[in-house]
Every structure is written in structure tokens, then in C-alpha cells.
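1. pasted the sequence and its predicted model underneath.
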Amino acid sequence: MSELPVLQVDDLSGGYSVGRPVLHDVAFDVQPGEMVGLIGLNGAGKSTTMKHILGLMTPHQGEIRISGQTRNDQPEQYQSSLAFVPESPLLYEELTVREHLEFAARAYNVDPEAYRERSERLLKLFHMEEKADSLSMHLSKGMKQKVMIMCAFVARPPLYVIDEPFLGLDPLGIRSLLDFMQEMKQNGSSILLSSHILSTIEHYCDRFIVLHRGKVLAQGTLAELGEHIHTPGAGLEQIFYDLVKDGE
């Protein structure tokens with residue numbers, strides 16, 4: 001792995017109101033070719049952390065770098081280096097599935113040949129070939145979520161920030177997404193993934209960051225977290241329960 005993290009978050013404090021931070025000195029990194037799970041209870045600060053990474057919120061203090069650059073240093077390079085999959089799908093109602101993919105590819109300056117290859121593969125992988133020319137207003141919630149996922153993966157940036165992607169997906173869609181994330185990771189992409197389905201991400205993430213009340217309670221591999229709670233071999237759900245219980 002490279003010594004330079006794809007994502008580096010240093011001493012991040014921030015929130016929606018000045019003087020009332022939601023996050024307190026949050027620090028972690030994501031290395032090239034690594035999938036990191038960001039886990040915590042509702043209100044722990046996961047989405048707020050992601051909004052700061054995306055540049056939607058300004059830190060009260062601290063710094064965020066993607067491939068060594070802050071958003072203030074190189075705003076265009078910073079934004080083009082990441083793709084985001086939100087918890088709730090946000091689509092243009094009068095664009096088709098294929099038009100959404102084309103729009104995303106153009107935004108990231110994807111080569112037309114690469115776009116054709118990637119889009120057709122993604123449509124097949126997520127079983128959306130028959131819906132390719134359907135308007136998004138006619139899609140189910142799960143299908144809309146698939147479109148958001150495909151738009152992110154057609155771009156192929158160094159970093160993916162993915163917030164609760166499994167909500168609304170059927171079991172086949174979940175498996176397709178997990179397998180494709182594994183493939184992207186093996187090809188060198190980095191993924192920061194937030195999910196409450198701990199039993200699933202336990203087998204796919206390389207490391208985990210446990211957020212609680214805006215602070216990092218613990219971070220590391222599954223084995224390292226097990227050692228942290230003095231329960232070697234514990235599963236992620238047990239580790240999370242013990243950490244949060246103690247954090248209360």
C-alpha cells in the first residue's frame with residue numbers, strides 16, 4: 001500500500017452550528033485499495049463526517065485531504081477524486097436510467113469507450129438492462145438506489161463514500177454491490193462505507209471505525225477491535241455492542 005492515504009481526516013471537529021460541534025477531534029484514514037466501515041448508532045456523527053468529507057460542511061477545526069489535497073487547495077481535483085452514494089436516492093425524474101449514467105460519466109470526464117463498457121456491465125450486473133430507457137419517476141425505490149450506485153461506479157474515482165447503500169436493495173442487489181465493491185477494491189479504489197448491517201460488512205471491510213457521540217471510540221481490524229475489548233475472536237456485532245455500552 002502507498003504511504004499516502006487516499007483519505008486522511010485529521011482532528012476534525014464540526015457540525016451545523018458554530019460553537020456546538022457534533023464531531024470532536026475525529027481522526028482516521030483510508031488507504032489505497034482498502035474498504036473501511038464507519039459504524040455507529042443513529043446520531044453518532046457518521047453522516048456529518050461524510051458531509052464534511054464531501055465538502056458540504058466546513059470544519060470548525062481540523063483538515064481533510066484526498067490524495068494529499070485539501071478542498072481549498074485544489075477544489076476541482078478534490079471533488080473529482082470522490083464519488084458519493086447517499087442513503088436516499090436523489091434522481092432527476094424526467095431522465096432515464098441511461099441518461100443518468102451518461103450525465104455522471106460526463107461530469108467525471110469518462111472516456112466514451114470506457115463509459116459504454118462500464119455502463120453496459122453495470123446494467124447487467126444490477127439487472128437493470130430492461131429499465132435502461134425508463135424514466136426514474138417510474139422506478140421502485142430499490143431500482144432508484146441501484147441507479148445511484150451505478151452512477152458512482154461508472155466514474156471510477158480513487159475514493160467512494162457510501163452511506164447505507166443496502167437500504168431498499170433486494171438480496172441479489174446487495175450481493176452484486178458487495179461483489180463489485182470487492183472488485184473495485186482489488187483494482188486499487190478505496191471505499192468508506194457506512195452501514196448498520198454489521199453482520200454483512202464484517203466479512204468485507206478491512207478495518208472499522210466506531211463512532212459514538214461524535215468521537216472515535218476505537219478503530220482497527222476486526223481482530224484488533226476484539227483485542228481492544230479483551231474478547232479475541234468476537235464478531236463485529238458483539239464488539240460494537242460492548243464498545244457502545246461502555247461508551248455510555
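-> Structure received.
2. leaving out chain neighbours, which residue sits closest to G226?
-> Distance criterion Cβ to Cβ, 6 or more residues apart in numbering; nearest residue to G226, sequence neighbours excluded, is A234 at 4.5 Å. (Glycine included, C-beta is placed from N, CA and C.)
3. state the distance from that neighbour to L243.
-> Distance, A234 to L243, using Cβ to Cβ, to the nearest Å: 10 Å.
4. overlap in contacts, the two.
-> The contact sets of A234 and L243 overlap at L225 (Cβ atoms under 8 Å, 6 or more residues apart in numbering).
5. any low-confidence regions in the chain?
-> The chain contains residues with pLDDT under 70 at 1-2, 246-248.
6. residues in contact with the spatially closest residue to L167 that is not a sequence neighbour?
-> With Cβ to Cβ, 6+ apart as the criterion, L167 has its nearest non-adjacent residue at 6.4 Å, and that residue is E87. The neighbourhood of E87, defined by Cβ under 8 Å, 6+ apart, consists of 47, 163-165, 167.
7. next step: the residues you listed restricted to strands.
-> D163 (DSSP state E).
8. can you list the contacts of E87 in CSV and add distance to V36 and neighbour count?
-> What follows is those, written out as CSV (distance: Cβ to Cβ, whole Å; neighbours: other Cβ atoms under 10 Å):
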residue, distance to V36, neighbour count
S47, 16, 18
D163, 13, 21
E164, 15, 18
P165, 14, 25
L167, 20, 15
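9. just the helices in this protein please.
-> All helices of the chain, identified by DSSP state H, fall at 46-54, 75-80, 97-107, 112-125, 141-153, 171-186, 198-201, 222-228, 236-247.
10. dump those to a markdown table, plus distance to R213.
-> What follows is these, written out as a markdown table (distance: least, Cβ to Cβ, whole Å):
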| stretch | distance to R213 |
| --- | --- |
| helix 46-54 | 12 |
| helix 75-80 | 28 |
| helix 97-107 | 35 |
| helix 112-125 | 38 |
| helix 141-153 | 29 |
| helix 171-186 | 28 |
| helix 198-201 | 19 |
| helix 222-228 | 18 |
| helix 236-247 | 7 |
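11. nearest to L211, out of those?
-> helix 46-54 (5.8 Å; Cβ to Cβ).
12. from R106, how far off is the closest residue to M137 other than its chain neighbours?
-> Closest residue to M137 apart from its sequence neighbours, by Cβ to Cβ, 6+ apart: E93 at 4.0 Å. Between E93 and R106 the computed distance is 19 Å (Cβ to Cβ).
13. any idea how far H230 is from A105?
-> Applying Cβ to Cβ, the value for A105 to H230 is 49 Å.
14. which one's more surrounded, those two?
-> A105 (21 against 8; other Cβ atoms under 10 Å).
15. surely that one touches R116?
-> No: judged on Cβ atoms under 8 Å, A105 makes no contact with R116 at a distance of 9.3 Å.
16. coming back round to it: backbone phi and psi for the residue nearest to L167, please?
-> Dihedral angles phi and psi of E87 (degrees, to the nearest 10) take the values phi -60, psi -40.
17. which residue, other than its chain neighbours, is closest to E63?
-> Closest residue to E63 in three dimensions, ignoring its sequence neighbours and counting by Cβ to Cβ, 6+ apart: D10, at 4.9 Å.
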